[in-house]
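Asks: please find the sequence and the predicted model below.
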Amino acid sequence: MTVSGAADERLIRIGEVARGAGVSVRAVRYYEQQGLLVAERSPSGQRLYRQDAVTLVRFFQQMFAAGLTSRRITELLPCWVVGHTDAEQRAMLRAERDRIQAKVDDLQAVLDRLDEVIAVTDTHP
């Protein structure tokens with residue numbers, strides 16, 4: 001994704017991206033180093049991002065939390081940005097979805113078990 005902001009689009013600084021996405025400035029720099037996010041530079045060298053960088057960083061956070069690597073997120077990014085995929089990308093998206101669903105199912109089983117333990121312990125002083 002390239003950051004070539006339209007003339008009427010206000011670019012935001014790295015601190016605004018970090019605050020808006022609820023991450024550290026260091027995390028935003030990391031995403032840039034990984035090629036996930038592209039910044040323009042002000043005449044004084046400050047990083048400037050399009051407003052949608054906040055949404056992208058939130059997306060990255062969600063994908064990392066789901067266990068995806070930065071390499072996999074890089075592969076997903078075109079699907080997110082342009083909404084077009086080829087057969088290989090769709091297969092990868094479905095595989096990631098299946099992997100994440102299996103994690104959700106495992107967590108639900110753990111949650112159900114904890115609910116059982118809580119119900120038992122609630123009946124005892």
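Replies: Noted; the coordinates are in hand. Numbering: from 1, shown residues only.
Asks: mind checking how far the longest helix along the chain is from the chain centre?
Replies: As assigned by DSSP state H, the longest helix anywhere in the chain is helix 87-122. Mean-position distance between helix 87-122 and its chain equals 19 Å (CA atoms, centre = their mean, to the nearest Å).
Asks: buried ones in that helix, by neighbour count?
Replies: Under the neighbour-count criterion of 16 or more other CB atoms under 10 Å, helix 87-122 has Met92, Glu96 buried. C-betas here are computed from N, CA, C, even on glycine.
Asks: got it, and stretch 22-33?
Replies: Here stretch 22-33 shows Val23, Ala27, Val28, Tyr31, Glu32 as buried, counting by 16+ other CB under 10 Å.
Asks: then that stretch to PDB, C-alphas only?
Replies: Only the C-alpha atoms of stretch 22-33 are listed here, as PDB (Å, rounded to 0.1, in the frame of the first residue of the first chain):
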ATOM      1  CA  GLY A  22      -4.200   2.100  21.100                       C
ATOM      2  CA  VAL A  23      -0.600   0.900  20.400                       C
ATOM      3  CA  SER A  24       2.900   2.300  21.100                       C
ATOM      4  CA  VAL A  25       4.800   4.500  18.700                       C
ATOM      5  CA  ARG A  26       7.300   1.700  18.600                       C
ATOM      6  CA  ALA A  27       4.600  -0.700  17.300                       C
ATOM      7  CA  VAL A  28       3.800   1.700  14.500                       C
ATOM      8  CA  ARG A  29       7.500   1.900  13.600                       C
ATOM      9  CA  TYR A  30       7.700  -1.900  13.700                       C
ATOM     10  CA  TYR A  31       4.700  -2.200  11.200                       C
ATOM     11  CA  GLU A  32       6.500   0.200   8.900                       C
ATOM     12  CA  GLN A  33       9.800  -1.800   9.200                       C
END
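Asks: outside of it, which residues touch it?
Replies: 14-15, 17-18, 21, 37-39, 47, 53, 57-58, 60-61, 70 (CB atoms under 8 Å, 6 or more residues apart in numbering).
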